[in-house]
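[1] only the shape, not the letters, is given here:
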């Protein structure tokens, strides 16, 4: 839904199971009317759509796309942003570190992203603006391979050049939004900024992009900044103990766009005591990766790729004052059990900042973990939970709820 400042607020449909085209159509027909009626009755509803690679390939057929567009029109919905992070299966099976595959070193990731871009320009109105969030390079243990890093640079450059070409052909501007995440090649905002400046905006990098996109070097820098930005996921930033104001100031200073702002909250354990295992085991699901960053006495940090690894370290006597866990929890929640909390206050501060001065044109709630959360946090239908999250955001931004 469009907000007073001109930005768009939505949720990401990756919270729903929808990994084939019939499943995506059924999911939208079932869930969207209830959500729209609750948060935007009588108004068109903008979507943050997740399309797995196989579905995106089907939608490339003109007749199939037109039938899908007709469904969106019937539902009074439109699409302005796509989630291009999960490539395939995302529900009901082990995802974990496989969610980054194929990573940006692989041509399959480039082809998938280009196909999404071709679809998104067809979803958008004339002179429209769209965003596509994507994998932060690769899983961090693989990021030390020079050949892999070179391939990532090459494919990101190819993707940006494709978006330049699409703008020439259609007049629509798309931005690829790279999403930093713990345990990935880009864990923090600062790491992504350093990569862009050291690998893409340096003289030889710009020259290569200019040649690829048929632009002058000055035009190439402007185009790269327009078509390649960051997806700032508040949960991820909070888990990494980022100072949100400092991160946003850095992005503004270095002129790197926040192409998408994902509104999410992480799980917090503070203090970290002997009951940690009992409290957190219900969150250690076998589907998703739950990276943990532990703040130790003295201000040092320890990083764990998954929650069971962190629990094992605690059992072995490793000290910690606070854990922040990459587990997206509903952002309307105020309290959890005992020492469990969320980083919702970080999100509230960011929304206050957006209210004063808009951070991004695209705001997207993304609590994709709803189906694997403990039963105590699933006391309502997913459609009601999504509506409550969107209404909470709108209230924080000063809109009527």
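    Good, I have the coordinates. All of these numbers come straight from a predicted model, not from anything done at the bench.
[2] wait, residue 307 touches residue 286, no?
    No: using CB atoms under 8 Å as the test, residue 307 is too far from residue 286 to be in contact (11.0 Å). In short, each C-beta sits where N, CA and C put it, glycine included.
[3] which one of the two is surrounded by more residues?
    Between residue 307 and residue 286, counting by other CB atoms under 10 Å, residue 307 is the more crowded of the two (23 against 10).
[4] how close does that one get to residue 314?
    The gap separating residue 307 from residue 314 is 11 Å, by CB to CB, to the nearest Å.
[5] again, but for residue 234
    Residue 234 sits at a distance of 26 Å from residue 314 (criterion: CB to CB).
[6] who's more crowded, the two?
    Neighbours of residue 234 and residue 314, each counted by other CB under 10 Å, are more numerous for residue 234; the result is 26 against 22.
[7] let me see the contact set for the more buried one.
    244, 261, 262, 263, 264, 265, 343, 346, 347, 350 (CB atoms under 8 Å, 6 or more residues apart in numbering).
[8] then residue 253?
    With contact set as CB under 8 Å, 6+ apart, residue 253 has no partners.
[9] any figure for the gap between it and residue 350?
    For residue 253, the distance to residue 350 under the criterion CB to CB works out to 18 Å.
[10] with residue 202 instead?
    For residue 202, the distance to residue 350 equals 31 Å [CB to CB].
[11] for the protein, give me the ranges with low pLDDT.
    Filtered on pLDDT under 70, the chain yields the residue ranges 399-401.
[12] for it, what's the longest helix?
    The residue-count maximum for a helix in the chain (DSSP state H) belongs to helix 146-170.
[13] buried residues in stretch 79-96, which are they?
    Along stretch 79-96, these residues count as buried under the neighbour rule (16 or more other CB atoms under 10 Å): 79-88, 90-91, 95-96.
[14] distance to residue 225 added to these, as a markdown table?
    What follows is these, written out as a markdown table (distance: CB to CB, whole Å):
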| residue | distance to residue 225 |
| --- | --- |
| 79 | 24 |
| 80 | 20 |
| 81 | 19 |
| 82 | 20 |
| 83 | 22 |
| 84 | 20 |
| 85 | 22 |
| 86 | 27 |
| 87 | 27 |
| 88 | 31 |
| 90 | 31 |
| 91 | 35 |
| 95 | 32 |
| 96 | 34 |
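[15] among these, which are in strands?
    Under the assignment DSSP state E, the buried residues of stretch 79-96 contribute 79, 80, 81, 82, 83 to strands.
[16] what about residue 209, neighbour count?
    By other CB under 10 Å, the residues close to residue 209 number 25.
[17] where do the strands sit along the stretch 201-350 of the chain?
    For the stretch 201-350 of the chain, strands defined by DSSP state E, counting those that start in this stretch occupy the ranges 228-233, 258-263, 265-269, 292-295, 301-304, 322-329, 340-342.
[18] with distance to residue 220 added, can I get those strands in a markdown table?
    Rendered in a markdown table, the data for the strands of the stretch 201-350 of the chain read as follows (distance: least, CB to CB, whole Å):
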| stretch | distance to residue 220 |
| --- | --- |
| strand 228-233 | 11 |
| strand 258-263 | 18 |
| strand 265-269 | 37 |
| strand 292-295 | 36 |
| strand 301-304 | 36 |
| strand 322-329 | 35 |
| strand 340-342 | 42 |
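[19] figure out which of these is closest to residue 210.
    Residue 210 lies closest to strand 228-233 among the strands of the stretch 201-350 of the chain, at 14.2 Å (CB to CB).
[20] neighbour count: residue 202 and residue 350, which is higher?
    Using other CB under 10 Å, the more surrounded residue of residue 202 and residue 350 is residue 350, with 22 against 12.
[21] count the neighbours of the residue nearest to the more buried one when sequence neighbours are not counted for me.
    Taking CB to CB, 6 or more residues apart in numbering, and ignoring the residues beside it in sequence, residue 350 has residue 244 as its nearest neighbour in space, at 5.2 Å. A total of 18 residues lie near residue 244 under the criterion other CB under 10 Å.
[22] looks like residue 244 contacts residue 352 (just checking).
    No: taking contact to mean CB under 8 Å, the distance of 10.4 Å between residue 244 and residue 352 leaves them out of contact.
[23] tell me the bridge partners for the residue lying closest to residue 233 once chain neighbours are set aside.
    Spatially, and ignoring its direct neighbours in sequence, residue 233 is nearest to residue 262 (4.1 Å; CB to CB, 6+ apart). Each beta-bridge partner of residue 262 is listed here, defined by DSSP bridges: residue 233, residue 364.
[24] which residues does residue 262 contact?
    12, 133, 179, 231, 232, 233, 234, 235, 364, 365, 366 are the contacts of residue 262 under CB under 8 Å, 6+ apart.
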